[in-house]
Structure formats: C-alpha cells, structure tokens
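In: Compute the structure for the input listed below.
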Amino acid sequence: MDGLYIEDRIKESIALRESQFREFKSAYEGRPDEKIPRSLKCLKEDICRTLVAFANADGGTLLVGVEDDGTITGIPHDEKKIAILLDTYSDGIHKETPLSSVHAEALVYQSQRILFFSVDKSTTMIHQTSDGRCLKREDKNTIPVNFERLQFERREQISRQYDREFAYDVKLDALDIELVQRISNRISKTKMTPEKFLQFYDLADYSNGRIAISRAALLLFGKDTQRILTRMQVRIVRVPGTEFRTGRHYTVTSDDTVSGNIFELITSSWDLMRPFLVRTEMNPDALFVERVMYPEDACREALMNAIVHRDYSMEGKGVEVIVFDDRIEISSPGPLLSTIDIDDLRNLTGVHESRNTLIARILRECGYVREIGEGMRRIFELFKEADLVRPELESSKSTFKIMLRCKSVFSADDQRWLKGYSAYNLSREEMIILLLGKDGGLLSPNQIVARLNIVDWDIYRQVFQRAQCKGLIYNASKGGGRDRKRLKVRTPEIMERAYSELISSLQKVMFENSPSTNDLKKIKDYLGKDNPLNQEDIKMRNMLQELGFLNEAKFPTERLMGLWLGSKRDESKSFYSVEVKDKKKQESNPVDLYIGNLDYNTSEDEIRKLFLPEYKIRSVHIPIDYTTGNGRGFAF
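Out: Coordinates of the predicted model:
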C-alpha cells in the first residue's frame with residue numbers, strides 16, 4: 001500500500017501554492033536585505049488566527065517557515081521556542097472553543113526547519129481566538145466574521161460531516177482507480193499515485209497497513225454507487241406546458257434518470273438536459289434554426305451546484321430537473337445551510353459555504369466549478385446579459401430549488417418592436433437605446449448614459465457610433481451639450497425598408513476583395529438618397545461589417561457570397577468564377593473567446609479551421625471531461 005508521508009504533503013502544498021486551503025507564513029520580517037526573526041508573540045498570533053479561520057471554513061494546511069512565493073526560509077528559533085509554537089493553538093484559542101483536530105509537527109525539509117499544521121473543518125462549534133475574535137478563511141484571506149452568521153443548527157451537523165465519514169467496510173477496489181489517476185495527473189504537481197492522492201486530499205486514511213475510504217471518495221470515484229449509496233442520481237423530466245399534472249391529465253413526455261459517481265452524474269445529466277435548452281424556430285430568412293432559450297453556461301452551473309452542494313446524507317432523494325415550456329426547475333436535497341441567508345444569495349453578496357467541502361475542493365481544483373462563491377453570481381450575470389428575468393431561489397426544510405425562466409425582461413410589446421430590427425444584429429445596448437426612443441421623442445446623451453448604466457463616455461461613444469453606423473439613431477439637430485435632447489431613433493418600418501433596399505443593391509454589385517470606392521458608389525446609386533444606410537465610404541464599410549456582409553478585414557463574408565450566388569444576374573458574371581483573394585489582414589489586439597454549444601468530440605483543429613483564415617489563433621483550450629475523455633461542450 002502506498003502511504004502518504006508528511007514530506008509528500010509539504011512538497012505538494014508548496015507546489016500548489018497558497019489558496020483557500022493552504023497558507024504560508026514567514027518566520028522573518030524586515031527589508032529583503034535586513035531580515036530578522038519575527039517575535040514569538042507575532043508567530044503565535046498568526047498560527048492561532050489561521051487555524052481558527054481554517055476550522056471555521058473548510059479546513060486547511062499551514063506551513064511556517066515558508067514565504068508567500070513558496071521559498072523555504074526556515075525557522076530561526078531554538079527548540080524551546082519551537083515547542084511553544086507547536087503547542088500555541090492549545091492556549092491561543094478561546095477555552096470554550098478548543099480545536100480538537102489539529103496536527104502539528106516540526107521537521108527538517110530541504111535542510112530547513114519548518115512547522116507543519118493541518119486542521120479539519122469543524123462541524124460541532126464555531127471557534128474563536130483567545131481574545132474573542134471569530135475568523136474565517138475566504139479565498140486567500142483570513143477575515144473577521146459575525147459569530148451569529150456561523151452558528152450551527154443541529155440538523156446540519158450530519159450533512160456537514162457526511163462526506164468526511166469513513167466507510168470502513170469498503171475497500172479501495174470500490175473506486176474507479178483509473179479515474180482517480182486521471183484526476184491526480186490533472187491537479188497534482190508532484191505526480192502522485194492514486195493512494196497518495198486520496199490521502200493528500202483527505203479522501204482516505206492509511207494506518208495499520210490498510211487504507212480507509214471516505215464517503216467523499218465513494219461519491220466522487222465509486223464504481224457502483226447505487227449499491228453503496230442510494231439515490232446517487234439525477235432525474236430529468238420534460239413537462240409540456242407550465243404545470244405538472246397528475247392522474248389522467250399527466251402530460252410528461254420524457255422521464256429519464258441517470259446514476260453513477262459525481263463525475264459520471266455531471267457528464268450524463270448534462271447530456272440529458274442540454275437538448276432542452278434550445279427550440280427550433282423559423283428565422284427571418286425562412287430557415288428553421290435552433291434558438292438557444294437559456295444561457296448554456298448558467299444552466300450548467302446551476303446543475304453543477306445541485307450535484308455538488310446537495311445533502312448526501314438524505315439518501316432517499318436525488319437531484320431533480322423539471323423542464324417546462326417557460327422554465328427549468330432544478331431541485332437538490334437539503335435546505336440552505338443556516339449560515340447562508342437566501343437574501344444574500346439573491347443580492348449576490350458572494351456569501352458561500354460548502355456543505356461537502358472535500359467534494360467541492362476536488363471539483364474546484366480540477367476546474368469543474370468556478371471560484372468558490374462565484375457560481376450563483378455567474379448564473380445571475382449570464383441571465384442579465386441574455387436579457388432574461390432573474391432566476392428565482394427557494395429553500396424549504398428539505399429542498400433547495402432554483403428556477404430559470406426563458407422570459408425576456410422586455411415586454412411583449414417591446415419584443416414586437418425590436419423584432420422589426422432583427423436584421424441588424426442588435427447588441428443589448430442598442431436594444432435599450434431603441435426602446436428608450438420608442439415613443440418618437442428626442443433623447444439626450446445623458447439619458448442614454450443613465451439608462452445604460454455606464455460611467456465611461458468612451459464606452460458611450462463606441463455604442464453610439466455603432467448604432468449610428470447602422471442607421472438606427474441620428475442627430476436630429478446640431479450642437480448642444482450632453483443634456484440637450486437632439487438624438488432620434490428611426491422606426492422599425494424605416495429600417496426594414498432600408499435593409500430591403502440594401503440587400504437588393506448588394507445583389508447587383510460584386511467585388512473580389514474589400515469594396516473599392518467605385519464599388520461603394522454603385523451600391524449607393526441603387527440605394528435611395530434618403531436611405532439611412534447610404535453613408536460616406538468609411539462608415540459604409542463599417543456598416544457592412546456590422547451587418548455581417550464584410551469580415552474584420554473588410555472582405556466579403558459567406559453571407560454576402562450567398563446573396564451573390566442566389567441572385568438572378570447575368571450567368572456570364574456568376575459568382576462561381578469569383579475567387580476571393582484574402583490579403584494580409586491587420587492583426588487586432590488578442591482577445592479571449594468563450595465558445596459554447598460544441599459537440600463533445602470537437603477537436604482543436606476543427607475550432608482553428610472555424611476561425612481561419614480570418615483570424616490568427618494563438619491557442620485553443622478544450623476542457624476535458626475526465627469520465628469520458630471527451631470535451632465538455634465548450635472551449636476557450
């Protein structure tokens with residue numbers, strides 16, 4: 001059996017650097033060239049504060065004698081003082097909240113004497129330092145918190161302890177060792193064996209020649225979870241309409257359940273849920289297309305939260321996803337922890353705490369979940385960006401539920417109004433400006449800035465210039481300050497007619513590369529003089545790019561080529577004979593792109609081909625699903 005030694009823990013901790021679960025403390029102070037030993041009092045305070053903060057959060061490891069960057073500088077104090085430091089948590093912690101799960105040890109590592117401390121997450125009480133301070137670890141910081149906020153309720157103790165309990169009757173072969181090794185290879189910096197990896201992350205304990213497996217390890221890596229742990233499953237139900245009916249009115253069209261360990265559940269349940277996020281509709285070009293009804297990343301995050309943070313001690317219940325026509329409801333067993341107020345979640349204060357700390361830690365380290373506490377914020381932000389109503393949260397005595405609605409924040413009348421601009425690739429800011437000027441009145445720049453909730457006038461100018469370039473808004477009068485009402489929005493009727501004329505003009509004028517001045521003149525000649533898309537050359541090129549007819553280098557796109565191929569012009573001038581000669585394009589500043597809705601077997605080469613030759617690709621990253629070995633449906 002491969003036991004994990006204390007040196008292994010130290011090596012891996014230093015390699016992983018400081019985090020919510022790891023802290024380094026130097027035993028020196030002063031300028032770089034004038035370092036002196038820190039006082040015993042300061043070191044004792046640091047140790048006590050850090051251990052209390054770890055115990056009140058998710059547990060962690062403290063190394064004294066190591067700098068923030070991982071450099072080992074050692075302890076300059078004598079044996080007597082080191083003994084005092086090792087025992088400091090016994091008298092530096094409030095006597096009514098003693099720490100009972102601390103491991104403290106002094107040892108020589110890389111020829112330097114250092115101190116090693118580790119403490120588990122406390123599930124029985126809230127801890128304080130000897131001077132009464134209540135602290136908690138958040139990310140890399142130790143911060144003071146309100147004692148009442150951390151009060152425990154008895155009903156939570158079992159759920160908080162569940163993933164840490166050991167299943168002594170279960171052997172190592174109950175785990176998918178290959179999966180353990182893949183995860184270890186992904187997040188370990190020192191290439192640990194599966195046994196050492198499990199011990200380092202407190203998923204197993206080695207003593208007396210045998211290894212004991214925690215429930216967290218079974219939940220994450222178990223091969224036959226349904227035999228050992230009941231209701232390790234996610235049920236996904238499709239209900240037409242907006243109500244769940246029973247009896248003779250029962251209208252469920254699909255009811256599927258997936259089982260397995262947590263990694264398998266994440267993959268399989270997302271595969272089942274993902275198709276329900278889209279709906280087939282007819283677009284303005286009379287083609288049937290799939291319309292994404294919900295932000296994919298937000299739905300994945302909500303499903304992930306339900307699986308990761310559910311109460312696994314409630315073994316008779318599983319996660320349930322019910323898909324209605326107007327919403328998706330995701331329910332997970334167990335209420336919110338008493339330390340988290342549902343209004344704090346709704347107000348996106350960033351409050352968080354993991355019920356299943358070992359599970360959450362592994363999934364965070366290998367990239368399955370975001371920064372701890374950021375998941376709910378991300379869900380709300382994505383719905384806001386998609387102009388959908390805010391998600392709804394409910395917590396009862398036995399269930400936590402999030403409801404995701406595919407309802408626009410815009411009224412039905414507003415949506416009908418905006419539909420008249422559907423050909424113009426409207427941004428969210430442009431939609432807001434158009435609705436602001438819907439009544440036909442004049443607008444001031446300050447009105448637009450206030451409605452868009454922006455403070456940078458450079459951003460306002462960029463938004464206004466794009467909308468003006470498309471002909472959506474114009475200056476009805478010259479001059480005036482930012483308070484003067486001088487801007488006017490063009491109606492959908494005007495813009496639909498303008499777009500129709502533009503399409504007709506583009507079908508009659510073909511060009512190989514970027515449109516020349518003569519090409520633009522021909523297009524303008526076919527446009528009416530009062531057409532708002534009839535603009536000076538530079539603006540017209542930008543307008544054609546904004547509408548998707550030219551690419552970033554101002555060369556014809558496939559959309560424009562499609563117009564030419566479909567036009568009934570002289571066959572001798574068929575576009576089939578036109579070869580687009582792509583010249584060297586100007587390189588813009590590099591940007592990171594998130595690409596969603598991908599097939600799971602999409603390769604890096606396929607993504608590169610998607611963007612080439614129009615863009616220079618520096619790197620492609622496809623997050624891997626460690627259960628299947630395939631992608632996870634998105635890339636960067």
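In: Just the CA atoms of stretch 525-540, as PDB, please.
Out: Below are the C-alpha coordinates for stretch 525-540, written out as PDB (Å, rounded to 0.1, in the frame of the first residue of the first chain):
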ATOM      1  CA  ASP A 525     -26.600  54.600 -56.700                       C
ATOM      2  CA  TYR A 526     -29.000  51.700 -56.200                       C
ATOM      3  CA  LEU A 527     -30.000  53.000 -52.700                       C
ATOM      4  CA  GLY A 528     -32.400  55.800 -52.300                       C
ATOM      5  CA  LYS A 529     -30.800  59.100 -51.200                       C
ATOM      6  CA  ASP A 530     -32.900  59.200 -48.100                       C
ATOM      7  CA  ASN A 531     -31.900  55.600 -47.100                       C
ATOM      8  CA  PRO A 532     -30.200  55.900 -43.700                       C
ATOM      9  CA  LEU A 533     -27.700  53.200 -44.800                       C
ATOM     10  CA  ASN A 534     -26.500  55.400 -47.700                       C
ATOM     11  CA  GLN A 535     -23.400  56.800 -46.000                       C
ATOM     12  CA  GLU A 536     -19.900  58.000 -46.700                       C
ATOM     13  CA  ASP A 537     -17.300  55.400 -47.700                       C
ATOM     14  CA  ILE A 538     -15.700  54.700 -44.300                       C
ATOM     15  CA  LYS A 539     -19.000  54.500 -42.500                       C
ATOM     16  CA  MET A 540     -20.500  52.300 -45.200                       C
END
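In: Can you name the next helix or strand after the lowest-mean-pLDDT helix or strand in the chain?
Out: Confidence across the helices and strands of the chain bottoms out at helix 154-161, with a mean of 62, counting by mean pLDDT, DSSP states H and E. Note on helix 154-161: by DSSP states H and E, the next helix or strand toward the C-terminus is strand 166-167.
In: What strands flank that following strand, and is each parallel or antiparallel?
Out: strand 210-214 (antiparallel) (DSSP bridges).
In: Flag every buried residue along the partner strand.
Out: Ile211, Ala212, Ile213, Ser214 (16 or more other CB atoms under 10 Å). Heads up, the C-betas are built off the backbone N, CA and C, glycines and all.
In: Ok, stretch 455-474 next?
Out: Tyr460, Val463, Phe464, Arg466, Ala467, Gln468, Cys469, Lys470, Gly471, Leu472, Ile473.
In: can you list the residues you listed in JSON lines and add secondary structure?
Out: Below are these laid out as JSON lines (DSSP: H, G, I helix; E, B strand; the rest coil):
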{"residue": "Tyr460", "secondary structure": "helix"}
{"residue": "Val463", "secondary structure": "helix"}
{"residue": "Phe464", "secondary structure": "helix"}
{"residue": "Arg466", "secondary structure": "helix"}
{"residue": "Ala467", "secondary structure": "helix"}
{"residue": "Gln468", "secondary structure": "helix"}
{"residue": "Cys469", "secondary structure": "helix"}
{"residue": "Lys470", "secondary structure": "coil"}
{"residue": "Gly471", "secondary structure": "coil"}
{"residue": "Leu472", "secondary structure": "coil"}
{"residue": "Ile473", "secondary structure": "strand"}
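In: Closest to Ser331 out of the residues you listed?
Out: Relative to Ser331, the closest of the buried residues of stretch 455-474 is Val463; by CB to CB it sits at 39.9 Å.
In: Alpha carbons of stretch 593-603, as PDB, please.
Out: Extracted as PDB, the C-alpha positions of stretch 593-603 are listed here (Å, rounded to 0.1, in the frame of the first residue of the first chain):
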ATOM      1  CA  LEU A 593     -13.200  34.000 -26.600                       C
ATOM      2  CA  TYR A 594     -15.600  31.600 -24.900                       C
ATOM      3  CA  ILE A 595     -17.200  29.200 -27.400                       C
ATOM      4  CA  GLY A 596     -20.300  27.300 -26.300                       C
ATOM      5  CA  ASN A 597     -22.700  24.700 -27.800                       C
ATOM      6  CA  LEU A 598     -20.000  22.500 -29.200                       C
ATOM      7  CA  ASP A 599     -20.200  18.800 -29.900                       C
ATOM      8  CA  TYR A 600     -18.300  16.800 -27.300                       C
ATOM      9  CA  ASN A 601     -15.900  15.300 -29.900                       C
ATOM     10  CA  THR A 602     -14.900  18.700 -31.400                       C
ATOM     11  CA  SER A 603     -11.200  18.900 -31.800                       C
END
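In: Residues in contact with it: which ones?
Out: 292, 296-297, 607, 622, 625, 628, 630-636 (CB atoms under 8 Å, 6 or more residues apart in numbering).
In: same thing but 6 Å
Out: By CB atoms under 6 Å, 6 or more residues apart in numbering, the residues outside stretch 593-603 that reach it are Glu296, Asn630, Gly631, Gly633, Phe634, Ala635, Phe636.
In: where's the third one relative to Gly562, distance?
Out: The reference is to Gly631. Separation of Gly631 from Gly562 (CB to CB, to the nearest Å) stands at 30 Å.
In: Right, I'll call it a day here.
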